[in-house]
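# Let's see this in three dimensions:
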Amino acid sequence: MTAHALLSASSSKRWLTCTPSARLEATLPEPKRSVGDFDYSKEGTMAHSLAEIKLRYHYNQIGFEEYTREYEIIKATPYYNEEFEAYVDNYVLYVRSQIGEGDTPLFEQRVDFSDYVPDGFGTADVVILSKHKIRVIDLKFGRGIPVSAIDNPQLRLYALGAYSKFKEEFPEIKEVEYVIHQPRLDSISSDGTSIHRLLDWANTYVKSKAKRAWAGSGEFIPGEWCQFCKAKAQCRARADFNNEVAKLEFRSPPLLTDEELTGVLAKAQDIRTWVNDVEEYALERAVTDNVVPTGFKLATTVTHRKISDTEFAATILKEKGLPDEAIWEPRKLKSIATLEKLGPKGQVAAWLSELIVRPEGSPKLVRDKTSQAKEDFK
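Here you go, the predicted structure:
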């Protein structure tokens with residue numbers, strides 16, 4: 001099992017800003033996923049694994065047998081498909097284009113920055129060592145949120161760890177460069193600095209922040225870094241912050257000053273995100289622990305009827321005398337509601353009865369009107 005640092009590079013933006021958050025998160029369980037939910041984290045892990053073996057094999061760091069064995073394991077997972085591999089290949093080709101003659105490429109390289117961060121370590125996707133420069137390349141496989149390399153503390157810490165590890169072997173290194181590649185967003189961003197400035201940042205900024213984070217001291221500070229925090233739905237500081245902004249949102253817009261209006265618009269997305277986080281947390285507790293908030297109840301979403309086998313359904317309808325143009329749209333069978341209009345009421349549904357299914361709805365929290373009525377009666 002891979003160990004995870006309390007003050008990891010990947011969560012550094014959070015603990016460098018909100019220093020008590022790391023210790024708080026350590027007391028909380030990992031979020032539970034609903035059965036059947038797609039595991040985007042594991043998909044990302046598989047993408048990194050596929051990229052690693054492709055690069056290691058290309059640079060003769062593993063043999064054909066090991067490459068083939070690992071490749072077949074990845075292909076057997078539910079995350080693999082041709083599109084998945086095409087995106088990984090896009091990233092792999094970029095990495096190869098950045099490795100020059102005489103460079104030393106390292107893949108999934110463990111780095112240690114514990115001289116500046118207590119027990120600080122991590123794994124850099126790619127480290128390229130040359131005479132005067134260290135380059136760090138990081139793969140972000142998600143398709144949702146663009147991530148910039150500019151002033152990115154995660155990549156700075158990876159570069160710091162790589163410099164600490166290889167500075168004696170490469171004593172003339174003067175610069176670092178870090179790149180984030182997001183193939184599914186067609187995005188490549190880069191940044192860099194001198195070794196002198198990197199060490200200055202580590203000594204004057206990181207060390208003191210990391211010391212407070214390790215001790216769990218300092219002030220809780222909410223912001224966009226809350227997104228992946230395990231405490232995001234329960235955090236009192238985040239709730240207080242958003243409630244203050246919400247007070248303005250509930251005022252009539254004409255009563256807001258221009259400055260207040262700008263503030264509300266700027267923070268509106270943060271409030272929406274926070275509310276969604278709270279709703280997801282409450283739903284998870286209701287489903288897994290049977291803890292339902294007062295005044296609410298568990299229900300299921302309404303789903304639409306579907307035809308389980310459209311080709312078989314089309315065959316049945318044609319046997320009943322319905323022409324192709326009446327039952328097909330350009331690329332799919334028409335909806336059940338549309339097909340039912342083609343015959344007497346209930347006739348088409350009777351023909352296709354065994355093929356018509358209604359998928360199970362997803363759980364959701366809804367207001368319990370019965371409970372509210374009882375409260376009102378009191």
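
# packing partners for the helix or strand encompassing residue 276?
Per DSSP states H and E: residue 276 is located in helix 258-289. Under the contact criterion of 3 or more C-beta pairs under 8 Å, 6 or more residues apart in numbering; DSSP states H and E, helix 258-289 touches helix 236-249, strand 296-300, strand 363-367. For glycine as for every other residue, the C-beta is placed from the backbone atoms N, C-alpha and C.

# From the centre of this structure, point out the most distant residue.
Residue farthest from the centre of the chain, counting by C-alpha atoms, centre = their mean, is residue 321 at 50.3 Å.

# helix/strand/coil for that one?
Secondary structure for residue 321, judged by DSSP: H, G, I helix; E, B strand; the rest coil, is coil.

# Distance-wise, check it relative to residue 170.
Note on residue 321: its distance to residue 170, by C-beta to C-beta, to the nearest Å, is 79 Å.

# Check residue 226 too.
Look at residue 226 and residue 170: by C-beta to C-beta, they are 38 Å apart.

# more neighbours, the two?
residue 226 (24 against 17; other C-beta atoms under 10 Å).

# Please determine how far that one is located from residue 154.
16 Å.

# Then residue 235?
22 Å.

# low-scoring pLDDT stretches of the stretch 151-300 of the chain, where are they?
Within the stretch 151-300 of the chain, the ranges that satisfy pLDDT under 70 run 242-256, 263-264, 266, 271, 274.

# Do you have the helices of the stretch 1-150 of the chain handy? List them.
All helices of the stretch 1-150 of the chain, identified by DSSP state H, counting those that start in this stretch, fall at 12-17, 21-26, 40-58, 64-75, 82-98.

# Looks to me like residue 177 is in a strand.
Yes. Remark: residue 177 belongs to a strand, assigned using three-state DSSP.

# can you count the residues close to it?
By other C-beta under 10 Å, neighbour count at residue 177 equals 18.

# what do you get for residue 159?
28.

# how about the helix or strand harbouring residue 314: buried residues?
Residue 314 belongs to helix 310-319 when assigned by DSSP H and E. By neighbour count on 16 or more other C-beta atoms under 10 Å, the buried set for helix 310-319 is 313, 314, 316, 317.

# Stretch 289-303 too?
Neighbour-count burial for stretch 289-303, counted by 16+ other C-beta under 10 Å, picks out 292, 296.

# measure it end to end?
25 Å (C-alpha to C-alpha, to the nearest Å).

# now swap in stretch 357-367 and tell me
Counting by C-alpha to C-alpha, you get 28 Å between the two ends of stretch 357-367.

# so how far is that stretch from its chain's centroid?
The chain centroid and the centroid of stretch 357-367 are separated by 25 Å, computed with C-alpha atoms, centre = their mean, to the nearest Å.

# pLDDT averaged over that stretch - what is it?
Taken as a whole, stretch 357-367 has a mean pLDDT of 77.

# how about that stretch: buried residues?
Counting neighbours by 16+ other C-beta under 10 Å, stretch 357-367 gives 364, 365 as buried.

# Check stretch 168-177 too.
Buried-residue list, stretch 168-177, by 16+ other C-beta under 10 Å: 170, 173, 175, 176, 177.

# Could you give the bridge partners of the last one?
On the basis of DSSP bridges, residue 177 takes part in beta bridges with residue 135, residue 192.

# The strand or helix carrying residue 160 packs against which elements?
Here residue 160 sits within helix 153-166, counting by DSSP H and E. Contacts defined by 3+ C-beta pairs under 8 Å, 6+ apart place helix 153-166 against helix 12-17, strand 104-112, strand 121-129, strand 133-139, strand 175-182, helix 195-201.

# Could you save the ones you listed as TSV and add columns showing distance to residue 360?
As requested, the helices and strands packed on helix 153-166 are arranged in TSV below (distance: least, C-beta to C-beta, whole Å):
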stretch	distance to residue 360
helix 12-17	37
strand 104-112	40
strand 121-129	39
strand 133-139	36
strand 175-182	35
helix 195-201	52
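
# So for residue 333, which of these sits nearest?
strand 175-182 (37.1 Å; C-beta to C-beta).

# which residues touch that closest one?
Residues outside strand 175-182 that contact it (C-beta atoms under 8 Å, 6 or more residues apart in numbering) are 91, 94-95, 98, 132-142, 146-149, 152, 155-156, 158-159, 162-163, 187-195, 198.

# Tell me the buried residues within the residues you listed.
91, 94-95, 133-141, 147, 149, 152, 155-156, 158-159, 162-163, 189-193, 195, 198.

# tell me the contacts of the residue nearest to residue 143 when sequence neighbours are not counted?
Spatial nearest neighbour of residue 143, excluding adjacent residues (C-beta to C-beta, 6 or more residues apart in numbering): residue 184 at 4.1 Å. Applying C-beta under 8 Å, 6+ apart to residue 184 gives the contacts 87, 141, 142, 143.

# Likewise for residue 98?
By C-beta under 8 Å, 6+ apart, residue 98 lies in contact with 128, 135, 137, 179.

# what sits against the closest residue to the first one other than its chain neighbours?
So the one you mean is residue 128. Nearest residue to residue 128, sequence neighbours excluded (C-beta to C-beta, 6+ apart): residue 135, at 4.2 Å. Residues in contact with residue 135, defined by C-beta under 8 Å, 6+ apart, are 98, 126, 127, 128, 176, 177, 178, 179.

# Distance to residue 332 added to these, as TSV?
Output for the contacts of residue 135, formatted as TSV (distance: C-beta to C-beta, whole Å):
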residue	distance to residue 332
98	44
126	43
127	49
128	48
176	53
177	49
178	46
179	42
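
# so which of these would you say is closest to residue 41?
Looking at the contacts of residue 135 and their distance to residue 41, the nearest is residue 126, at 20.1 Å (C-beta to C-beta).

# quick one: the nearest residue to the closest one once chain neighbours are set aside from residue 51, how far?
Among residues not flanking residue 126 along the chain, residue 137 sits closest, at 4.0 Å (C-beta to C-beta, 6+ apart). In this view, residue 137 and residue 51 are 10 Å apart by C-beta to C-beta.
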